[in-house]
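Peer 1: Quick one, what's the 3D model for this:
(chains A and B)
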Amino acid sequence: MRRLILPLVAGGALGALVVPYTVLVLASVAPRAAFREPFAPLAPVPPSLENYRAVFGGDVPFGLYVRNSAVVSALATVLALAAALPAAHAIARRRVPVVPALAALVGLSLLPQAIVLGPAFVGLRAVGLVGTHAGLGLLYAVTSIPLAVLLLAAAIADVPREIEEAAAVDGARPAGVLVRVTLPAAAPGVAAAALLVFLNAWNEFLYALVLLPSPLARTATVGIALFPGRWEVPWGTIFAAAVVATAPLVALVLVLQRRIVRGLTGGAVVG
Amino acid sequence: MRRGLGPLLPALVPAAGLAAVALGANIVYSVAGGRLGGPLEWRGAANWVWLAGEPRFWAATGRTFLLVFLTVPIEVAAGLGLALLLHRNLPLRGAVRAAALVPWALPAVVVALLWRWLFHDVAGPAAAVLARAGLGGAPLATPGGAWAVLVAAEVWKTTPFVALILLAGLAAVPPDLEDAAAVDGARPWAVFRHVTWPLLAPGVAAAACLRALDAWRAFDTIWVLTGGGPASATETLPLYVYEVLFARLDLGRGAAAAVASVAGAAVLAASALSIGRLRRA
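Peer 2: So this is what the prediction gives:
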């Protein structure tokens, strides 16, 4: 009996973690009519692509929203990683006081969105960037910098110092060594960092809701939350859109899971 | 080796600059802000006096504390349990560790919509189960039910992150110490209480602090799941600030509420830190 307890608890934990998303995926292939019964969408036999056709063929330009999200998130990722790189390297190589630097970054990462909303709206409006993807991407880049520094520092800390020293002896300048030697050597960790910064921007909702007032400019999260229903909530369409917007990134997260866990938990930087 | 804070600047200047400018601008708006989009005009303490006498603001403040105190202890306890589970050699360990990243990687909006459907009064499977168990079929229509669903959704989404942080803490506990205690005849609970826990406690405190400040600013899950309702039973400070700024278009009052919410976060952080210091003393 005692030997059964741990596997049962582990199985229960696994179920609690994966069942809700599985339910979402199942419900996304349930025909629209199934949603009149509470349990029918959980067993969609035979599966139907009705909801997916509605996502891309309906009144809502969801394909455009996905594209908007991709543009904003890619811009944020490139800018945040570039701004974070020097700090990440200095922290990984302990050229700066590590603990105060990390504390400052973690503190800044907890900035409440509530105090950014008003000034961002007023400020971006003053320079004509309200409603533009560049404005939102810029804001995401700045708010993602702390995360980018922590993840890049974890990636760089795993690269042996000796590689950099050898390149420096050969006469390369420090910035050149960082970009041409250290970054390629840290590629898997850098990929995980880029994915998480991208994911952070992709999943964001409140800034996108406020700063992109035009319906055609919306990102995927805002589009999903504001799916209009004429007489009832179009659950099937919403869930199909949610699968489209989440499945590729969830798959990538699972592929890079070891790197992600190492980066998120400080890995070699703190330990 | 060169030493100096230079390399930190490209990261810290924009990040700290945004925080400083945002806070400064809100303070200015709170004494000189009128309509959102209109010109600034001196208001003096008018917005602050209004806020101090606004029952809905105080109720939202209380609910924000309530959300923190309802979610963080559950997240930390469940996260610790999950971390201890993942730390052991189990057949399902790899699968559970990978699965833990799923709730964390989903947008809060998607999690909230899923939960809203699960507990929907007409079509929701979880609501139907509750109805069949005689527990009432419309949890999101009652304040208590809406809070329960909201806490469940938040806990599901954020517990895995707590577990991952604590798992890293557990990995740093030298296995030799635990083995030595076990060889000396200590029972598993005693090993945990006297060997593992003292080494893990700082990580637990840090995770609790991070989660508390994150719950304090939570918006997406609540706005999409309950919209702050029923009535305003789940309206927390971030929803209230959003409402004043973008539904009532009142920049001055919204800014005052935003500054007050930052002050609340500071109180929360300071009390968490002082509790940590007292425990150590």
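
Peer 1: Please count neighbours and contacts with C-alpha atoms only from this point.
Peer 2: Noted.

Peer 1: Quickly note the distance from A:Ala33 to A:Val243.
Peer 2: Per Cα to Cα, to the nearest Å, A:Ala33 is found 19 Å from A:Val243.

Peer 1: More neighbours: those two, which one.
Peer 2: Counted by other Cα atoms under 10 Å in any protein chain shown, A:Ala33 and A:Val243 do not tie: A:Val243 has more neighbours, with 19 against 10.

Peer 1: Against B:His120, how distant is A:Leu183?
Peer 2: Applying Cα to Cα, one obtains 49 Å for the distance of A:Leu183 from B:His120.

Peer 1: And A:Asp158, by the same measure?
Peer 2: With distances defined as Cα to Cα, the gap from A:Asp158 to B:His120 amounts to 48 Å.

Peer 1: Look at those two and report which has more neighbours.
Peer 2: Neighbour count, other Cα under 10 Å: between A:Asp158 and B:His120, B:His120 has more, with 20 against 16.

Peer 1: Please list the residues of the stretch 151-271 of chain A that sit near chain B.
Peer 2: Residues of the stretch 151-271 of chain A found near chain B (Cα under 8 Å from any Cα of the partner chain) are A:199, A:202-206, A:210, A:221, A:224-225, A:235, A:239, A:242, A:246, A:249-250, A:253-254, A:257, A:261, A:264-265, A:267, A:271.

Peer 1: try 6 Å this time
Peer 2: Contact residues (Cα under 6 Å from any Cα of the partner chain) of the stretch 151-271 of chain A with chain B: A:203, A:265.

Peer 1: Which residue does the stretch 151-271 of chain A have closest to chain B?
Peer 2: Residue of the stretch 151-271 of chain A nearest chain B, by Cα to the nearest Cα: A:Asn203 (4.5 Å).

Peer 1: Residue nearest the middle of chain B, spatially speaking?
Peer 2: Central residue check for chain B by Cα atoms, centre = their mean: the C-alpha nearest the mean position is that of B:Ala215, 1.8 Å away.

Peer 1: Can you tell me how far that one is from chain A?
Peer 2: In this view, B:Ala215 and chain A are 10 Å apart by Cα to the nearest Cα, to the nearest Å.

Peer 1: Phi, psi for that residue please.
Peer 2: Dihedral pair for B:Ala215: phi -70, psi -30, per degrees, to the nearest 10.

Peer 1: Same check on B:Asp250?
Peer 2: When read as degrees, to the nearest 10, the backbone of B:Asp250 gives phi -110, psi 100.

Peer 1: Can you list the buried residues in the helix or strand containing B:Val76?
Peer 2: Taking DSSP states H and E as the criterion, the element that holds B:Val76 is helix B:55-87. Under the neighbour-count criterion of 16 or more other Cα atoms under 10 Å in any protein chain shown, helix B:55-87 has B:57, B:59-61, B:63-65, B:67-68, B:70-72, B:75-80, B:82-83, B:85-87 buried.

Peer 1: before we move on, what about stretch A:119-130?
Peer 2: With burial defined by 16+ other Cα under 10 Å, the residues of stretch A:119-130 counted as buried are A:119-122, A:124-125, A:129-130.

Peer 1: would JSON lines of these with secondary structure, distance to A:Val149 and pLDDT be doable?
Peer 2: Below are the buried residues of stretch A:119-130 laid out as JSON lines (DSSP: H, G, I helix; E, B strand; the rest coil; distance: Cα to Cα, whole Å; pLDDT from 0 to 100):
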{"residue": "A:Pro119", "secondary structure": "helix", "distance to A:Val149": "25", "pLDDT": "92"}
{"residue": "A:Ala120", "secondary structure": "helix", "distance to A:Val149": "23", "pLDDT": "91"}
{"residue": "A:Phe121", "secondary structure": "helix", "distance to A:Val149": "26", "pLDDT": "90"}
{"residue": "A:Val122", "secondary structure": "helix", "distance to A:Val149": "28", "pLDDT": "88"}
{"residue": "A:Leu124", "secondary structure": "helix", "distance to A:Val149": "25", "pLDDT": "87"}
{"residue": "A:Arg125", "secondary structure": "helix", "distance to A:Val149": "29", "pLDDT": "86"}
{"residue": "A:Leu129", "secondary structure": "coil", "distance to A:Val149": "26", "pLDDT": "85"}
{"residue": "A:Val130", "secondary structure": "coil", "distance to A:Val149": "27", "pLDDT": "85"}
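
Peer 1: Having no further points to raise, I will conclude here.
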